[in-house]
Structure formats: C-alpha cells, structure tokens
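Enquirer: the sequence and its predicted three-dimensional model are supplied below.
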Amino acid sequence: MGFSVSASTIIIFIGLVMSAGMIYGAWDHSQDTLIEGENLRTDMQVDKQQTDIEIQCQTIQYTDGVLEFEAVNEGNTGHDVDGVSIILDGYIADNQINELYVVGSMDSGVWLPGDTLYVNVSVGEEPDQVVLVVDNGIKDICREW
C-alpha cells in the first residue's frame, strides 16, 4: 500500500465530509420551513377559533335597489375591512358595494373586536339571504329580517 491508496482514501473521506455537510444544511433548512409552516397553521386555527361576527338582522333595510345593514365583531380578532366579502342569494356582491366602513372610524381599515361594520350594497331586488365573510373565512348568515 503506497501513497496512491492513502491519497485515494483521503479524497474519499473529504468527499464524505463535504456530502454530510450539504445533507445537514438541506435537512436543517427543511426542518425550519416545516416548523414555520406548523406555527402559521396554528396561528390561523387560533384566529378562526377566536373569530365571531354577527350580522345585525334587525338593521337590514332594502330601499330602491340598495341593501343596508350592520354587523358586529364579537370575537377577539381584528379583520381587514378590505378582506370582507358580501354574498347575496349565493352570488358574490363585492363589486356592488357602495360603502363599507367601521362605524365611528370611517378611515380605519381594521374591524376590531366590539366594533360595528356598516355595509351598503347595490342590488337588483331584495335578497332572501345575506352572508358576510371575513378575511379568515369565517361567515355569518342572515335569512330573515
């Protein structure tokens, strides 16, 4: 066994060390990404569990093709006003919204817990069902008013 066998052994050993370093780097990155995704999923689930919105059915008024109503955020999470969707009789009416704001804070883009949201929507005829959906997917339905 001469120098060539020793040199070959060293080259193989260096290759194994480099490969192990690359494998560890990739494994560490994938574990970080996995943990980050699990934390995000947990945060989303907590948001959904703490969300409670209620359409104030007694405030719904239909006059001359305009539907007006208010909803209250009764949960513990705030919601983006721009993330609110209105569904009337199964049709998304987001492009028909005339006014959508937090009562008392018209310039606010966040619907905080305890606040009331005012909605004014143009419709052809009075709908039988109003659905309000917030940014995390939680909804409230009002069928009778």
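Expert: Arrived safely.
Enquirer: switch to C-alpha atoms for all contacts and neighbour counts from now on
Expert: Will do.
Enquirer: just for this protein, where's the confidence low?
Expert: 1-2 (pLDDT under 70).
Enquirer: please, where are all the strands along it?
Expert: Taking DSSP state E, the strands of the chain run over residues 53-63, 66-73, 79-80, 85-88, 91-92, 97-102, 110-111, 116-122, 130-133, 139-142.
Enquirer: elements contacting the third one?
Expert: With contacts defined as 3 or more C-alpha pairs under 8 Å, 6 or more residues apart in numbering; DSSP states H and E, strand 79-80 has these neighbours: strand 110-111.
Enquirer: packing partners of the strand it packs on?
Expert: strand 79-80.
Enquirer: give me the distance from the strand it packs on to the chain's centre.
Expert: 9 Å (C-alpha atoms, centre = their mean, to the nearest Å).
Enquirer: also stretch 17-35?
Expert: 31 Å.
Enquirer: and stretch 120-130, by the same measure?
Expert: Distance, centroid of stretch 120-130 to centroid of chain: 25 Å (C-alpha atoms, centre = their mean).
Enquirer: show me which positions of that stretch end up buried.
Expert: 120-123, 126, 130 (16 or more other C-alpha atoms under 10 Å).
Enquirer: give me the contacts around it.
Expert: Stretch 120-130 has contacts (C-alpha atoms under 8 Å, 6 or more residues apart in numbering) with 62, 65-69, 86-90, 93, 96-100, 141-144.
Enquirer: kindly export it (C-alpha atoms) in CSV.
Expert: Below are the C-alpha coordinates for stretch 120-130, written out as CSV (Å, rounded to 0.1, in the frame of the first residue of the first chain):
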residue,chain,number,x,y,z
ASN,A,120,-74.3,49.5,1.7
VAL,A,121,-74.7,47.3,-1.4
SER,A,122,-76.5,47.9,-4.7
VAL,A,123,-78.8,45.1,-5.6
GLY,A,124,-81.5,44.5,-8.2
GLU,A,125,-84.1,43.0,-5.9
GLU,A,126,-84.3,42.3,-2.2
PRO,A,127,-82.3,39.1,-1.5
ASP,A,128,-83.5,36.2,0.6
GLN,A,129,-80.2,35.6,2.2
VAL,A,130,-77.2,37.8,3.2
